[in-house]
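> what shape does this take:
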Amino acid sequence: MGEVPSALEQIPELPSDDLMFRVAGTSYPLWFWRSGKQSVDQISAVLSHVGKSFKDFPRALDFACGCGRMMLHLKDIGTTTELFGVDIDAEAIAWAREHIPWAKFSVNQGLPPLEFPDEYFDLVFNHSVFTHLDERYQDAWLVELERITKPGAAVILSVSGEHVFAEFAKKLAEWGRDPQPLRETLHNRGILFIADDGALSSPFPDFYHTTFHAPWYVFERWGSIFDIRAYVVRGDLEYQDLVLLTRREQRVGTVPPLADLPTKLNQSRTEVSQLRRSLRECEQDKQSWRSAAAKAQSDLQNVLSSRSWRVTAPLRGFMSLFRSK
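Below you'll find the predicted structure:
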């Protein structure tokens, strides 16, 4: 592990460079330590949107906690809140168990279930997990998080939104690759999972790659199973977006499939075209009616002003006496 400059604040023992890199993408100790504190503070800020703080939740889960980047800063919270952490990285969990006694840790698999009973947690928080899972894995974990949370529980998840994708697209362009096809996929489907991201030779599992979300997708798909209380752009380390969800009173138990957006767009375009055509036809009919009415009015004026109309006026009056009887 690299040395921490002596002028910095006192830092407790930290994980190995390898474990820090798996969690933070860097093995620089100071960034690992300070980013953990920043993430905790930002989660606290998001919880304030519903008038809560960490200490308002009797039991909380750090979902995909790694080696405890955030848990290291929750020692005081652990005096009033029962803290748990889970991760697929057994080595990271082993380190956390040994060095973070104010929380309980366990290893989970890539897909549910977790070892906890139904409606067990009041709060679940997370950093950068759904940013690496495809849609099938995400749906499975959304249902599982719903299962293990109590009605009204808060769930905080991060996503790689528009800012992260813009940075990614800029890098692609610098490398001579056209980001437009990926941008169109994200725009049309709302989610972009890139399996060919160079992570195949990394320490991460085969299902763990790169995922981007459009905000509308989160609201439509995640909002089908949880209530969305806040969406904070770049609320996570000034980079990823933070989403605050709350568990509904009744479990939904599934994430309904999202309708094929391109098909919906084409249907909408067809409907708009048909509506415009109908409006044009109505306008044409209206113009025809106006022309016919104007012609009738003109004809009437011609009749009324004609000599024959004036000459026959007494006869019409005489005939009306018979029609009125």
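> the spatially most central residue of the chain and residue 155, how far apart?
In the chain, the C-alpha nearest the mean C-alpha coordinate belongs to residue 218, at 1.9 Å (C-alpha atoms, centre = their mean). Residue 218 is 12 Å from residue 155, where distance means C-beta to C-beta, to the nearest Å. The way it works is simple: take the backbone N, C-alpha and C, and place the C-beta from them, glycine included.
> next one: residue 113
16 Å.
> the two: which has the busier surroundings?
residue 155 (25 against 12; other C-beta atoms under 10 Å).
> Three-state assignment for the more buried one, please.
Under DSSP: H, G, I helix; E, B strand; the rest coil, the three-state class of residue 155 is strand.
> list the contacts of it.
123, 124, 125, 145, 149, 226, 244, 245, 246, 247 (C-beta atoms under 8 Å, 6 or more residues apart in numbering).
> grab the nearest non-local neighbour of the fifth one.
Nearest-residue entry for residue 149: residue 247, 4.4 Å, with adjacent residues in sequence omitted and distances by C-beta to C-beta, 6 or more residues apart in numbering.
> contact partners for the nearest residue to residue 226 once chain neighbours are set aside?
With C-beta to C-beta, 6+ apart as the criterion, residue 226 has its nearest non-adjacent residue at 3.7 Å, and that residue is residue 245. Residue 245 makes contact with 154, 155, 156, 157, 222, 226, 227, 228, 229, according to C-beta under 8 Å, 6+ apart.
> ok, 10 Å please
124, 142, 145-146, 149, 153-157, 218, 222-223, 225-231 (C-beta atoms under 10 Å, 6 or more residues apart in numbering).
> quick one: the helices in the stretch 101-250 of the chain?
135-148, 162-174, 180-189, 215-221 (DSSP state H, counting those that start in this stretch).
> make CSV out of those and add distance to residue 92 and mean pLDDT.
As requested, those are exported to CSV (distance: least, C-beta to C-beta, whole Å; pLDDT from 0 to 100):
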stretch, distance to residue 92, mean pLDDT
helix 135-148, 18, 98
helix 162-174, 24, 96
helix 180-189, 30, 96
helix 215-221, 27, 97
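> just the pLDDT at the residue nearest to residue 226, thanks.
Turning to residue 245, the model gives it a pLDDT of 98.
> kindly report the same for the one 3 residues further on.
For residue 248, the pLDDT comes out at 98.
> got the contact list for it?
Contacts of residue 248 by C-beta under 10 Å, 6+ apart are 146, 149, 151, 152, 153, 225, 226, 227.
> in PyMOL, how would I select the buried members of these?
Command for PyMOL that selects the buried part of the contacts of residue 248, burial taken from 16 or more other C-beta atoms under 10 Å:
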select buried, resi 146+149+153+225+226
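> follow-up on the earlier one: what's opposite the residue nearest to residue 226 in the beta bridge?
Beta-bridge pairing for residue 245 (DSSP bridges): residue 155, residue 228.
> that one and residue 110: what is the separation?
22 Å.
> which strands and helices sit next to whichever strand or helix holds residue 39?
Per DSSP states H and E, residue 39 falls inside helix 29-47. Contact here means 3 or more C-beta pairs under 10 Å, 6 or more residues apart in numbering; DSSP states H and E; on that basis helix 29-47 packs against helix 17-24, strand 121-126, strand 149-159, strand 227-236, strand 240-246.
> how far does the helix or strand just after it sit from its chain's centre?
Going down the chain from helix 29-47, the next helix or strand is strand 59-63, by DSSP H and E. Centroid separation between strand 59-63 and its chain, computed with C-alpha atoms, centre = their mean, to the nearest Å, is 21 Å.
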